[in-house]
Structures are given as C-alpha cells and as structure tokens.
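Chemist: Sequence and predicted structure below; questions after.
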There are 2 protein chains.
Amino acid sequence: MRVLGIDPGLTRCGVGVVDGTVGRPLTMVHVGVYRTPADLDTARRLHRLEQAIEEDVLLHRPDVVAVERVFSQHNVSTVMGTAQASGVAMLVAARHGIPVHLHTPSEVKASVTGSGRADKAQVTQMVTRLLRLTEAPKPADAADALALAICHIWRGGAKNRLELAVAAARATPTRGPR
Amino acid sequence: MRVLGIDPGLTRCGVGVVDGTVGRPLTMVHVGVYRTPADLDTARRLHRLEQAIEEDVLLHRPDVVAVERVFSQHNVSTVMGTAQASGVAMLVAARHGIPVHLHTPSEVKASVTGSGRADKAQVTQMVTRLLRLTEAPKPADAADALALAICHIWRGGAKNRLELAVAAARATPTRGPR
C-alpha cells in the first residue's frame, strides 16, 4: 500500500509518501514541504497548494491519501487557512478517485511513538528510525506528513482487514429469521 | 461589473451572479443552491462543489468572486466544512485568474438593508426589491449569495475608486523632499 500523508497548512504543508504493509519494513518514497508566501492572497495560496499536491498525486499515484484532521478549537488565528488547505488536499484526492482518510494528531503520535502526547522531537526520531533514514526529515511538517502515512498504513491496515471480515460475514448466507 | 457571490457550505452552497455598478439598477444573471449529500465523505462533497462552481465560473465569467468570510468562533460543528467549502470557491476563482474578495455577514447585511444586524427575512426582502424580482429567491442561502454580490458591487465599487485615486496620486510627480 502506498500512502500520501499530508500535514495541511498554507505557510507550510508537509507531504510524505510511504510504501508498506503491516508487519513489513516501511519505505519512504518522497518527502517535501510546500510553502506559500504570506503576502499572497489566500485564494492564490490555495491554488499553488493545489498544483503542488496535484503533481505529487500524478507522480506518486498513492492508493490512499491520509490527511491530518483539523480541529476548530486550536489556533483560532490559523485554523481557517489550515482547514482550507486540508480541503484542497481532500479535493485533489477525490478528483483522482483516491480514498481519503483523516487521522487526529494524537492518533498519529500514538501510532508512531506509542504515546498520543509525544512531542515533535519524539515523532521525528521514530519516523527517522522506522523509515531507516540517514538523517531526520526537516522541518517538523515533513516528519509529521511521513508519520501520518505510517499511521495510516498501520491503523488503516487493521481497519481494512476488519472491514473485509465484516463484509465476508455479511456475504455468508444465514438461516436466521428475516 | 459582474460578481459571483458565494455563500459557502457543504450541505447548501448558495451562488448568485449580479451585474451592476454603483448608482445604477442591478440585474440578476443567475441564482442557485448546490447541495451535497451528508452521507458522502467530505472529500467527494468538496469535489462535487468544485465541479458546480467551476461550471458557474465558465458559464457566467464573473469579473470578481465575492465569498462570505467564515469565522471560526461560530457553529463549531459545521465550521470546518464551511471553511473547506469557502476554500474550494476561492481556489476555483484563483485558478481562472478571477480576484476574490471576502465580506463578513454583517458587512453584507449592512450594505443591503442598512443594518448589520438585519435578519434573514429582511435581507431576502431587500435583495428581491433591489433586483426587481417577482418572487423572493429561496432558500436563504440563495438570497445571501445575491446579497454578497450586491454588497461587493457597492462596497467594491467605492473601494476600487479609492484605490484608483490613491494610485493616481502616487503616480503624480511631487516636489517634496526624498
């Protein structure tokens, strides 16, 4: 499974592509950060972000796009831009028929470090180790995007198997009352 | 000036196209509401909305897109979807090189009714009268989108004249100290 993780933002948007399945070593395919200038109007910043993510999708052809879930109660001053950036990421995925999954920051931290309250340094350290990188991905947004992709491979893998099991159970003819 | 007003939302997104200039009668060119099903995932809802707004932009070729400014402190449960829908509207405009302007709900109400605290019925009534419509546009989202377009024509018109005057004054050679 190839996952494109996106840590959305207008100032910095982290992207990371990881190949892997549960129980097997993970491989980093791509990592990057897109920045849009703060003096550009929001509409054009969103458009630049769309073009950058579109290029990544076309180049790397992910099976899934995993986006960090944005909460309205945090960072009121930047939450609108972050929400809009996440919307653009979701839109680009949907346009290409790629399923989108959202993960909360604490789900991502817990998946990668074992603790939902890990700090950025711990996340970066574990991402570097799990992907067997020679140096830590920088800035933190890039590491977060890789962590999102890893989180999805591990959590999504378990969820997908559960969904398959439920679907298989439903498909089995039963003799119970209608 | 032709303005496409957009009252963003995932459940209902109002759109209204108005032709006009300050001091002249206004003309309604188009009004509509786009709905996306609540049981569809957000990514696909955003994609459907993008396609609908893209069609409107291509069909009506507005000079400006006016979008309602979303505030994070209101309606926490729906604000993320609204912010993302507004981001999609802004993105589509930017993609076509059309300037985007944001107006707050109270700016829109004040422009159209004279009071920033007017209720929906008053806004609808004034929109119907200003555009000389035989019946009120429904639902409220459609009337709000038309009100946004009218607000932009009136406020944007004054602002544009001011910007032109400032630009002209700056271009005039002066004899003052450097």
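Modeler: Perfect, thanks for sending it. What you see is a predicted model, and the numbers here were worked out from it, not measured in a lab.
Chemist: host element of residue A:53?
Modeler: Assigned by DSSP states H and E, residue A:53 belongs to helix A:42-60.
Chemist: And for residue A:129?
Modeler: Assigned by DSSP H and E, residue A:129 belongs to helix A:120-130.
Chemist: Name the residues that touch the helix holding residue A:53?
Modeler: A:2, A:4, A:6, A:10, A:13, A:15, A:17, A:29-30, A:32, A:34, A:36-37, A:40, A:65, A:81, A:84-85, A:88-89, A:91-93, A:96, A:98, B:87, B:90-91, B:93-95, B:100 (C-beta atoms under 8 Å, 6 or more residues apart in numbering or on different chains). All C-beta spots, glycine's among them, are computed from the backbone N, C-alpha and C.
Chemist: Could you check it and say which residues are buried?
Modeler: A:42-50, A:52-53, A:56-57 (16 or more other C-beta atoms under 10 Å in any protein chain shown).
Chemist: Surely residue A:156 is in a strand?
Modeler: No: applying DSSP: H, G, I helix; E, B strand; the rest coil, one finds residue A:156 to be helix, outside a strand.
Chemist: Please determine how far it is located from chain B.
Modeler: Distance of residue A:156 to chain B, given as C-beta to the nearest C-beta, to the nearest Å: 14 Å.
Chemist: and that residue, what is it in contact with?
Modeler: By C-beta under 8 Å, 6+ apart, the contact set of residue A:156 is A:1, A:3, A:64, A:66, A:101.
Chemist: go on, residue A:99?
Modeler: By C-beta under 8 Å, 6+ apart, the neighbours of residue A:99 are A:63-65, A:93.
Chemist: Give me the residue ranges of chain A where confidence is low.
Modeler: A:72-77, A:157-178 (pLDDT under 70).
Chemist: Same question for stretch A:136-156: list its buried residues.
Modeler: For stretch A:136-156, by 16+ other C-beta under 10 Å, it's A:137, A:140-156.
Chemist: for stretch A:5-22, same thing?
Modeler: So for stretch A:5-22, counting by 16+ other C-beta under 10 Å, buried means A:5-20.
Chemist: Could you do stretch A:29-46 as well?
Modeler: For stretch A:29-46, by 16+ other C-beta under 10 Å, it's A:29-31, A:33-36, A:42-46.
Chemist: Tabulate these in CSV, adding columns for distance to residue A:131.
Modeler: As requested, the buried residues of stretch A:29-46 are arranged in CSV below (distance: C-beta to C-beta, whole Å):
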residue, distance to residue A:131
A:29, 10
A:30, 11
A:31, 9
A:33, 16
A:34, 20
A:35, 23
A:36, 27
A:42, 33
A:43, 35
A:44, 33
A:45, 29
A:46, 30
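Chemist: Spell out which parts of chain A neighbour chain B.
Modeler: A:41-44, A:46-47, A:50, A:70, A:72-73, A:76, A:79-80, A:83-88, A:90-91, A:93-95, A:100 (C-beta under 8 Å from any C-beta of the partner chain).
Chemist: For residue A:100, give me its contacts.
Modeler: Residues near residue A:100 by C-beta under 8 Å, 6+ apart: A:64-67, A:89-90, A:93-94, B:41-43.
Chemist: Pull the most distant pair out of the residues you listed.
Modeler: A:64 and B:42 (15.0 Å; C-beta to C-beta).
Chemist: number of nearby residues for residue A:122?
Modeler: 15 (other C-beta atoms under 10 Å in any protein chain shown).
Chemist: contact partners of the helix or strand just after the helix holding residue A:53?
Modeler: Using DSSP H and E, the next helix or strand after helix A:42-60 towards the C-terminus is strand A:64-68. Strand A:64-68 has contacts (C-beta under 8 Å, 6+ apart) with A:1-8, A:57, A:86, A:89-90, A:92-93, A:98-105, A:108, A:144, A:148-149, A:151-152, A:156.
Chemist: Which stretches in chain A count as strands?
Modeler: Remark: strands assigned in chain A by DSSP state E are A:2-7, A:12-19, A:27-35, A:64-68, A:100-103.
Chemist: Turn those into JSON lines, including distance to residue B:119.
Modeler: Listed next are those as JSON lines, based on distance: least, C-beta to C-beta, whole Å:
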{"stretch": "strand A:2-7", "distance to residue B:119": "40"}
{"stretch": "strand A:12-19", "distance to residue B:119": "39"}
{"stretch": "strand A:27-35", "distance to residue B:119": "42"}
{"stretch": "strand A:64-68", "distance to residue B:119": "37"}
{"stretch": "strand A:100-103", "distance to residue B:119": "36"}
